[in-house]
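Visitor: Next comes the sequence, and after it the predicted model I'd like to discuss.
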Number of protein chains: 2
Amino acid sequence: MITVNVALSARAYPILIGPGLLDDAALVAAHIPGRQVALVTNETVAPLYLERLEKALAGRQLVRIVLPDGEQYKTLESFNAIVSRMLEARLERGCTLVALGGGVVGDVAGFAAACYQRGVRFVQIPTTLLAQVDSSVGGKTAVNHALGKNMIGAFHQPSAVIADIATLNTLPDRELRAGLAEVIKYGLIQDLDFLVWLEANLDALLARDPAALAEAVRRSCEHKAVVVAADERESGLRALLNLGHTFGHAIEHALGYGQWLHGEAVAAGMCLAAEMSARLGRISRADADRVTRLLARADLPVSPPPEIAPATLLEAMSLDKKNKDGRIRLVLFEALGRAALCDDYPQDALLATLAEGSRAAARAIA
Amino acid sequence: MITVNVALSARAYPILIGPGLLDDAALVAAHIPGRQVALVTNETVAPLYLERLEKALAGRQLVRIVLPDGEQYKTLESFNAIVSRMLEARLERGCTLVALGGGVVGDVAGFAAACYQRGVRFVQIPTTLLAQVDSSVGGKTAVNHALGKNMIGAFHQPSAVIADIATLNTLPDRELRAGLAEVIKYGLIQDLDFLVWLEANLDALLARDPAALAEAVRRSCEHKAVVVAADERESGLRALLNLGHTFGHAIEHALGYGQWLHGEAVAAGMCLAAEMSARLGRISRADADRVTRLLARADLPVSPPPEIAPATLLEAMSLDKKNKDGRIRLVLFEALGRAALCDDYPQDALLATLAEGSRAAARAIA
């Protein structure tokens, strides 16, 4: 087992990474304190792992809350359902809420933990690659609103993250690939060495080689931990973790939540960010193509769905949380392995990227 | 104008207290930064003060959100209505949300400010005595749930509180008295001198003498500021501010929100806390009667409504947020002017207090 520490002074916490952690009842029990525990999961994950978790917590008052599976359930209604069940079971402020599942479960359960009686202890047990490398770390919680993704939420740090690599064996291929988009993101924004490692090890990762997966999760969590410790509330540095996300959220929003996976939309978004960066002369065309090719090798989308008009994407992007004074702020490349927040680009470049990005991506992988 | 500072290291903020502050457009504008401002108020307060506030903010993008008036609207639905209007108006994370009104407006608007895009700037302009002396200071925000009061919420500090004493002139008598319950509370829990001052000045306060009101607001805010600075998240000291609230919340819950005002329920709750403290020999019967008599002089209820059975109150109290390991934790007296958190009382004393409290109060004021 590897431990990565998130060094937040008042609320530091460990990320435990390794195969089979859920089988270690003593370890699980030790990291989930409290006499009362709410277990939030979804219909897909519950039959796979819930029983094991409940066994490790024998003797506590357990409240089981099973949500339907899918981004379309990351809503204020699901949040309210969790809170209502906790109140019905008379859970006190000293209880612990555990999120067992992927990013959607973690985000909505985390938001419930942030707001239940103004905040209760929260433990993340991520079972998807995306959740293990990204969403379970850093304390961002949220639900979606009809007018935008993650628009209602809170910063609420977990007290521990337990990432059992073995749970990735039950992950559908499509979700594994979507998670790899976020892994590749860390290489693109701040670690060229890691990007090179990913290019060399992509096939092993797609084949679910446990050593390769553990290494990818570890390095991703280390990156995220450093960024979060430096900028918990996203005043600057942390915004770089949003590479591809402004485009990606717009794609998810325009398609309707639950159509594309989050990581798929982010992959297409990172290709658009690379295309726009090349268009602005910030990186070479060859570098932009290198981004696109790596994501294509992981079988991820490299451009928005053709049925969505550029104007529709632009409209959705104008609602992004990073925007300031009406300007859409984008994370663009300064070089491969180095990203920066940018809002002084010519508007034409953004419009051209939205209009031409798909063609550029097609050329790159031809 | 008097300024009381709330000394929270990262998020210190001023409470401005004085008559006619809302007429000082420059002062108001200076404390409400941002190009975009959401103004949340209710149907009663809007016709009185909204126009003046909007004039002070001329040139900004203003979004006006007027809720119905009453505790029964302190709900997740109102929260969602606020957030939806802000999204429709495309308010960015750099916006400021202003709560103009009483405790309900401040609590639900504050919760929206805490969660909109994971938190935006928040300014309180309390227009009731209760809000000026209590709910606008300290960063507690919440909405009610059918199963309990303030069960969904967050800690989110305002960046400024503007308490215009002149707004109390439009306050109905019943609300003025309800606010006085919270003022009296500060004397009871930690300031015997202030309690003596209140006994001497109660008639002036009820007659809305501006100097007396300003003094009561200042001393109350100073008390609250000290407690909040020492214990922002209510791990100990801050819980003492809940004197009478465990009983009071149970009364509000059992009656249905909006029947009694919050301060009225707290007044009855403080009498029950005094009665139970006397029963346990923590204070004298004479001291308990002194509490009851002062509240009765302010025309506040001194016992629960007779139609609510003790068992119903006990059931509602068992859901209180302070409870731990199934024990109902109460704030009781150690002396007049000194309160303490207590959970090792004999259960009989609580049952007897609920059963006999009304008779004791009647004797005290006979």
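Guide: Sure thing, it's come through. Everything numeric here is computed off the predicted structure, so don't read it as measured data.
Visitor: Quick check, residue A:264 in contact with residue A:182.
Guide: No. Using Cβ atoms under 8 Å, residue A:264 is not in contact with residue A:182; the gap is 10.9 Å. Placement of C-beta: from N, CA and C, glycine included.
Visitor: So for the two, which residue has more residues nearby?
Guide: residue A:182 (27 against 24; other Cβ atoms under 10 Å in any protein chain shown).
Visitor: any idea how far the more buried one is from residue A:59?
Guide: Distance, residue A:182 to residue A:59, using Cβ to Cβ, to the nearest Å: 37 Å.
Visitor: Over to residue A:218?
Guide: Distance from residue A:218 to residue A:59, by Cβ to Cβ: 33 Å.
Visitor: do the same with residue A:154
Guide: Counting by Cβ to Cβ - residue A:154 and residue A:59 are separated by 31 Å.
Visitor: element containing residue A:34, please.
Guide: Secondary structure assigned from DSSP states H and E places residue A:34 in neither a helix nor a strand.
Visitor: neighbours around it, how many?
Guide: Residues near residue A:34, counting by other Cβ under 10 Å, number 19.
Visitor: likewise the one 5 residues further on?
Guide: Neighbouring residues of residue A:39 were enumerated by other Cβ under 10 Å; the total is 24.
Visitor: That one: what secondary structure?
Guide: strand (DSSP: H, G, I helix; E, B strand; the rest coil).
Visitor: That one against residue A:50, yeah?
Guide: Yes. Between residue A:39 and residue A:50 there is a contact at 6.7 Å, judged by Cβ under 8 Å.
Visitor: Between residue A:218 and residue A:59, which is the more surrounded one?
Guide: With neighbours defined as other Cβ under 10 Å, residue A:218 and residue A:59 compare such that residue A:218 has more, 19 against 7.
Visitor: Run through the residues that contact the more buried one.
Guide: Applying Cβ atoms under 8 Å, 6 or more residues apart in numbering or on different chains, we find residue A:218 in contact with A:2, A:4, A:17.
Visitor: Chain B versus the last one, what's the distance?
Guide: Right, the one you point to is residue A:17. 26 Å (Cβ to the nearest Cβ, to the nearest Å).
Visitor: Could you tell me whether that residue really is in a strand?
Guide: Yes. Per three-state DSSP, residue A:17 lies within a strand segment.
Visitor: confidence score at it?
Guide: We have a pLDDT of 96 for residue A:17.
Visitor: same check, this time on the first one
Guide: pLDDT, the model's per-residue confidence, is 93 for residue A:2.
Visitor: Does it touch residue A:214 like I think?
Guide: Yes. Using Cβ under 8 Å, residue A:2 is in contact with residue A:214, at 7.1 Å.
Visitor: residues touching the residue most central in space within chain A, list them.
Guide: For chain A, residue A:135 is the residue whose C-alpha lies nearest the centre (Cα atoms, centre = their mean; 3.7 Å). Counting by Cβ under 8 Å, 6+ apart, residue A:135 touches A:102, A:103, A:106, A:107, A:126.
Visitor: Out of those, list just those in helices.
Guide: A:103, A:106, A:107 (DSSP state H).
Visitor: Would you mind putting those residues into CSV with distance to residue A:321, pLDDT and neighbour count alongside?
Guide: CSV is the format used below for the ones in helices among the contacts of residue A:135 (distance: Cβ to Cβ, whole Å; pLDDT from 0 to 100; neighbours: other Cβ atoms under 10 Å in any protein chain shown):
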residue, distance to residue A:321, pLDDT, neighbour count
A:103, 17, 95, 26
A:106, 18, 98, 30
A:107, 14, 98, 26
